[in-house]
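A.B. asks: I'll drop the sequence and a predicted model, then ask my questions.
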Amino acid sequence: MMNQDGQFGQYGGSYIPEILFNSQQELLKAYRDAMSDPSFISEVKDQLQHYSGRPTPLTYCNRLSAAIGGAQIYLKREDLNHSGAHKMNNVIGQGLLAKRMGKRRVIAETGAGQHGIASALVSARLGLDCTIYMGAHDIERQYPNVFWMKQLGATVIPVEEGSATLKDALDEALRDWSSNYADTYYLIGTSCGCAPYPEMVSGFQSVIGEEVKEQAQQQFGSAPDKIYACVGGGSNACGIFLPFLNDDVELVGVEAGGRSDSPGDHAMRFNTDQARFGIAQGFATKFLQDEQGQLQPTHSISAGLDYVGVSPILANLEEQGKVRMTQARDTEVLQAFQQLASNEGIIAALESSHAIAAGLREAADMDPSQKIVINVSGRGDKDIFNIAKALRDEPFNDFIQSYLAQENS
Amino acid sequence: MSDLTQYIRQQRSTKSLLLMTHVIYGYPTINDSLAMMRLLLDQGVEILEVQFPFSDPVADGPAITHACHQALADKPQLEKCISDISKLASEYPQSRVLLMSYLNPVMQSGPPKLATLMQKGISGIIVPDIAVEQQQLISPLTDAGIEPIWIITPDTQPDRLNTICKQASGMLYCVSRAGVTGESTDKNQALGKYLNRIGQHTELPLGVGFGISTAEDIQALLGHADIAIIGSAFLNAYNQNGLKGVHTKLAELKQAIT
Ligand SMILES: Cc1ncc(COP(=O)(O)O)c(C=O)c1O
C-alpha cells in the first residue's frame, strides 16, 4: 500500500526540516528492523496481552439492536484496554521500539489526553522519561487526564500557541524532537506525521481488526456487513479497517460534524470543501485550510477528534472508494452516548460516540439479518465534566460547587 | 554563476562578513514590518530574508512562531507579500531579497504563478520543510531563476552533504547549533570545523544562522562564513524597543564585523 517514499497515492511522505532527516531515517530503519525480528513482535504481543489486557471482547448488543430495530449491533471494546482506549496498542509498540533504539526519553503530543496517559503509563513501565505536549485549551477540557499524566511521572507542557489544541501540540513536539533527537524518541499518537509513522501506528493498531475478524467468525460465522470507527487522526479507524480491505465489508469512518458546517465549527476533512490536499506537520494529506494554505481552527465536542488533518492512509482509501466517510454532529453524539449507556451499560468516550451515532443511524435502515461492528475506541469516564456540562446536569454542578466550598473552608 | 552568488562574492571582496536579516511579513502589522525592512535596507543590510507567516512553522523557535501567529490575524496574502517585497527589492538594488515560507502556503498559491511574480526582483526562496530530493515541487520557481536555498545541519552526513552541495546554487544555509550566546571556545572551533567540512564540498557562499545574536557570535563566524543570518535577535530587539531597538542591534552587530 505504501511506496518507497512512504506515500499512499499522493498522500503521506516525509516533509520535515533538514535537522530531522537523520532521525527520521534512523527511525525508519529501526522500525523495519524491529518488524522483521520475531522476538520484538512477540514482546509486543506479550505486553498487549499481559499489560493491556488483549484480546478485547466483541460485545453483542441485544437491547440496543432491538431498540434500533435494524441490523444486529456488535461493539469492539477498545474501552477495555488498560488506560481505557485503543491508544495503548500503539504506545506499547512504539515504547518498545524507543527502548530498542536506546532512547532514554519519550515525547508525545496529545489532544484528549488518552495518548498522553498511555505514553506516560508505558514510559513508567519501561523506565523512560516522558514529556507530553498538550494544547492549553485541551488541558482545560480534559484536566483529569493531565492529573493522571503527572501522577505517572510525566512532564506536561501546555502549548499556548495557535489554536492551543492538538495540531499546536504536534508542532511543539516536532520542535522538541528537532532539538533533542539524539536521546529522544517522538511517540506520535495517531496515524499521521512523516513516514513511517502512519504505517507504523496503523500497523500496531491493526490488532483491533485482526481480532474482530476472528471474533466475528466465532460469534456469528461471517465477516460483518459494515464496520464503523470515529476518525480523529485515524488510528483506531485504520486499526479496525485495514485487516478487512480485501473483504466484502463496508468500512465507514465518522468525523466530527461539530455544531454546523461553518468554518471552525467542525473537524470534517472529507465531506466539506474547506479541506484540501496540503503538506504540513511533516506529511501530505487533506487539511482544513484557507485559500492561503493556513491550517484552520476546528471544533468538536470531543477533544480527540478535532485534528486539522487526517491519516494519509485514510485519505488515500477514501479517494479509492475503499472507505466511506460520514459525520456526526455534537448533539447526535450525546444522544448516542446516552442510548448506549442506558441500553447496554457501556460508557463510551465522546470520540467513540461519533461512531456509535453514525452506526445507529444507519443500522436502523438495515435488515435484521445484517451485522455491524462499531469500534468503541475508548471509555467515557474522562468525559464526565464535558458530558455533565453538555447535559446541563444540575446535581453534578451542585456537587462541584459544594466540593469546592468544602475545600476552601 | 548566479546573480546571487555573484552579488555575495562582490560584496565579500570588500567586507569580511555580510548580514542577512530575517523579518516576518505582517508582524506586528504589514506596514510596520515593511518599515522594519526599509530600516534594515537603509542601513545597508546585504540580504533581506522575508518570512511569509504560516500557521504551523515547525522549524521555527518560540519568538518567530509567536510572531507568525500574530501576523496571521491580518490574513496576509502571499501574492501581496511578494509584490510588496519585490517593490522593495527594486528600490534597493544594492541589496538582495529572499522569500522564506513553508511548503503549504507556497503550494496553495501555486509555484507557477509565484514564479512569475517573484521573477520581478526576488533572488531566492527558502522552504525549510522541503528536502533536496523533493525539489521538483518548486521547480517552476527554480526554472525561473529563483535560487532554492538548501539547508545543511551539523548532522548532515558526508554523502548527503555531497548531494545537497551538488544540487545547490546561490548560497547555502548552514544551521549552526554552536552559534548561540555564551559559546565556549571549543564549540567555536567545532563550528569552524563544521564550516570547513562544508567548504570542501562546495564553492558556494555559506550563510550561518540559528541563534546568532551578539557581537561575539558574529566574530566567531569571521573567516569561516560569508554571511551571518539573524532572525530572533532582531525580533526580540523590535519587541523590546521598536525600530529603535532594531537600529541599535544592527549597529552593534555591524561594529563586530569591521
Ligand atoms: C477514545 C479516543 N478515540 C478516538 C480518538 C481519535 O484518534 P484516532 O482517530 O487516531 O483514533 C482519540 C484521540 O485522542 C481518543 O482518545
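C.D. replies: Yes, it's here.
A.B. asks: Can you give me the buried ones in stretch A:250-260?
C.D. replies: Within stretch A:250-260, the residues scored as buried using 16 or more other Cβ atoms under 10 Å in any protein chain shown are A:251, A:252, A:253, A:254, A:255, A:256, A:257, A:258. C-betas here are computed from N, CA, C, even on glycine.
A.B. asks: Now secondary structure and pLDDT too, for these, in a markdown table please.
C.D. replies: Converted to a markdown table, the buried residues of stretch A:250-260 look like this (DSSP: H, G, I helix; E, B strand; the rest coil; pLDDT from 0 to 100):
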| residue | secondary structure | pLDDT |
| --- | --- | --- |
| A:251 | strand | 98 |
| A:252 | strand | 99 |
| A:253 | strand | 98 |
| A:254 | strand | 98 |
| A:255 | strand | 98 |
| A:256 | strand | 98 |
| A:257 | strand | 98 |
| A:258 | strand | 98 |
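A.B. asks: Going by distance to residue A:346, which of those wins?
C.D. replies: residue A:254 (17.3 Å; Cβ to Cβ).
A.B. asks: Tell me what that closest one is bridged to.
C.D. replies: Note on residue A:254: beta-bridge partners residue A:230, residue A:326, judged by DSSP bridges.
A.B. asks: can you tell me how far it sits from residue B:234?
C.D. replies: Per Cβ to Cβ, to the nearest Å, residue A:254 is found 48 Å from residue B:234.
A.B. asks: Residue A:222 too?
C.D. replies: Going from residue A:222 to residue B:234 by Cβ to Cβ gives 67 Å.
A.B. asks: In terms of neighbours, single out the busier of those two.
C.D. replies: More neighbours surround residue B:234 than the other of residue A:222 and residue B:234, with 23 against 12 (other Cβ atoms under 10 Å in any protein chain shown).
A.B. asks: what packs against the helix or strand hosting that one?
C.D. replies: Assigned by DSSP states H and E, residue B:234 belongs to helix B:232-257. Counting contacts by 3 or more Cβ pairs under 8 Å, 6 or more residues apart in numbering or on different chains; DSSP states H and E, helix B:232-257 packs against strand B:18-24, helix B:30-42, helix B:62-72, helix B:215-221.
A.B. asks: sorry, back to before: and which of the buried residues of stretch A:250-260 is nearest residue A:209?
C.D. replies: The closest of these to residue A:209 turns out to be residue A:251 (Cβ to Cβ; 9.6 Å).
A.B. asks: Residue A:241 is in contact with that closest one, correct?
C.D. replies: Yes - here residue A:251 lies in contact with residue A:241, judged by Cβ atoms under 8 Å, at a distance of 4.5 Å.
A.B. asks: Need the residues touching each of those two.
C.D. replies: With contacts defined as Cβ atoms under 8 Å, 6 or more residues apart in numbering or on different chains, the residues shared by residue A:251 and residue A:241 are A:227, A:229, A:317, A:323.
A.B. asks: Next step: these restricted to helices.
C.D. replies: Cross-referencing the shared contacts of residue A:251 and residue A:241 against helices under DSSP state H gives residue A:317.
A.B. asks: can you put the shared contacts of residue A:251 and residue A:241 in TSV and add neighbour count and distance to the ligand?
C.D. replies: Below are those laid out as TSV (neighbours: other Cβ atoms under 10 Å in any protein chain shown; distance: Cβ to the nearest ligand atom, whole Å):
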residue	neighbour count	distance to the ligand
A:227	31	14
A:229	34	7
A:317	26	14
A:323	25	13
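A.B. asks: could you list every residue that touches residue A:388?
C.D. replies: Residue A:388 makes contact with A:396, A:397 under the criterion Cβ under 8 Å, 6+ apart.
A.B. asks: pLDDT score assigned to it?
C.D. replies: Residue A:388 is assigned a predicted lDDT (pLDDT) of 92.
A.B. asks: same thing with the one 10 residues further on?
C.D. replies: pLDDT recorded at residue A:398 is 93.
A.B. asks: That one: neighbouring residues, count only.
C.D. replies: 10.
A.B. asks: What strand or helix carries it?
C.D. replies: Counting by DSSP H and E, residue A:398 is part of helix A:394-408.
A.B. asks: One more: residue B:128?
C.D. replies: Here residue B:128 is assigned to no helix or strand, by DSSP H and E.
A.B. asks: What is the neighbour count of the nearest residue to it once chain neighbours are set aside?
C.D. replies: Closest residue to residue B:128 apart from its sequence neighbours, by Cβ to Cβ, 6 or more residues apart in numbering or on different chains: residue B:59 at 3.9 Å. Residue B:59 has 24 neighbouring residues, counting by other Cβ under 10 Å.
A.B. asks: Contacts only, for residue B:59.
C.D. replies: Shown in contact with residue B:59 (Cβ under 8 Å, 6+ apart): A:17, A:19, A:178, B:102, B:128, B:129.
A.B. asks: Report the separation between the last one and residue B:66.
C.D. replies: Here the criterion is Cβ to Cβ. By it, residue B:129 lies 19 Å from residue B:66.
A.B. asks: Looking at the two, which is more packed in?
C.D. replies: Counted by other Cβ under 10 Å, residue B:129 and residue B:66 do not tie: residue B:129 has more neighbours, with 27 against 18.
A.B. asks: which ones are touching residue 167?
C.D. replies: In the absence of a named chain, this looks at chain A. Contacts of residue A:167 (Cβ under 8 Å, 6+ apart): A:281, A:295, A:307, A:308, A:309, B:56.
A.B. asks: actually it's chain B I care about, not the one you picked
C.D. replies: With Cβ under 8 Å, 6+ apart, residue B:167 has these contacts: B:132, B:135, B:150.
A.B. asks: out of those, which are buried?
C.D. replies: By neighbour count, with 16+ other Cβ under 10 Å, the contacts of residue B:167 hold B:132, B:150 as buried.
A.B. asks: near chain A, from the contacts of residue B:167?
C.D. replies: By Cβ under 8 Å from any Cβ of the partner chain, the members of those lying near chain A are residue B:150.
A.B. asks: about what we covered before: other SSEs contacting the helix holding residue A:398?
C.D. replies: Packed next to helix A:394-408, using 3+ Cβ pairs under 8 Å, 6+ apart, is no helix or strand.
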